[in-house]
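Trainee: coords please:
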Amino acid sequence: MSKLEFFEIETSRLKLRRFKDEDVSNFYKYRSNPDVAIYQGWENYTYEQAINFIEKQKSAEMNIPDSWVQVAIENKMDGQLIGDIGVHTLSNPKNQVEVGFTLEPTYQNKGYAFEALQGILDYLFNELNKEKINAIADEQNSPSIKLLRKLGFQQIKIIENSYFKGQYVTEIMFGLSKNDWNK
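Mentor: Numbers count the residues shown, from 1 in each chain. Coordinates of the predicted model:
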């Protein structure tokens with residue numbers, strides 16, 4: 001598998017790019033916010049974790065089976081990091097990825113996540129030739145579910161009794177095929 005140069009995608013208001021050192025304070029700000037972390041796989045995020053995470057992401061490679069890469073979402077107006085999209089390249093089934101997304105609360109409900117995900121989905125389907133993209137959301141996370149549906153994702157299955165942060169929750173798996181995306 002050839003090494004891919006890390007892409008940059010520009011949308012009308014955003015730049016999707018690799019993380020850089022200057023992102024640490026904004027990244028830490030939203031990662032350490034309990035309202036942001038509620039449906040995410042982390043808690044009590046520290047500044048040191050943010051530094052280490054960004055250091056690893058600065059050289060992470062996209063499209064390697066069983067790996068996650070975080071893509072920084074930059075607001076083009078001021079160059080500030082406002083969120084990120086996680087891309088998990090699956091080894092089985094091949095040609096599928098899972099995505100997750102996080103946005104700083106002041107930028108939520110303004111179309112930024114929709115715009116960023118449109119950019120990354122287009123890249124994954126039409127540049128990396130992925131056949132299917134999955135996403136999982138807690139059934140309580142209605143903003144994410146609404147966003148996934150708006151992007152054309154279809155509910156695939158309900159995952160009951162998923163153990164998450166010390167409790168059992170119900171999660172919904174969504175999927176979007178390349179054919180449906182390119183319609």
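Trainee: count of residues packed around the nearest residue to Lys157 once chain neighbours are set aside?
Mentor: If you skip the residues right next to it in sequence, Lys157 has Met173 as its closest partner in space, 5.0 Å away by Cβ to Cβ, 6 or more residues apart in numbering. Just so you know, the C-beta spots here come from the backbone N, C-alpha and C atoms, and that holds for glycine as well. Taking other Cβ atoms under 10 Å as the neighbour definition, Met173 ends up with a count of 15.
Trainee: and Met173, which of the three is it?
Mentor: Under DSSP: H, G, I helix; E, B strand; the rest coil, Met173 falls in the strand class.
Trainee: Tyr163: what's it in contact with?
Mentor: When contacts are counted by Cβ atoms under 8 Å, 6 or more residues apart in numbering, Tyr163 touches Val169.
Trainee: repeat that for Leu90.
Mentor: Here Leu90 is in contact with 65-66, 96-98 (Cβ under 8 Å, 6+ apart).
Trainee: tell me who's in contact with Ile85.
Mentor: With Cβ under 8 Å, 6+ apart, Ile85 has these contacts: 16, 70-71, 73, 99-102, 116-117, 120.
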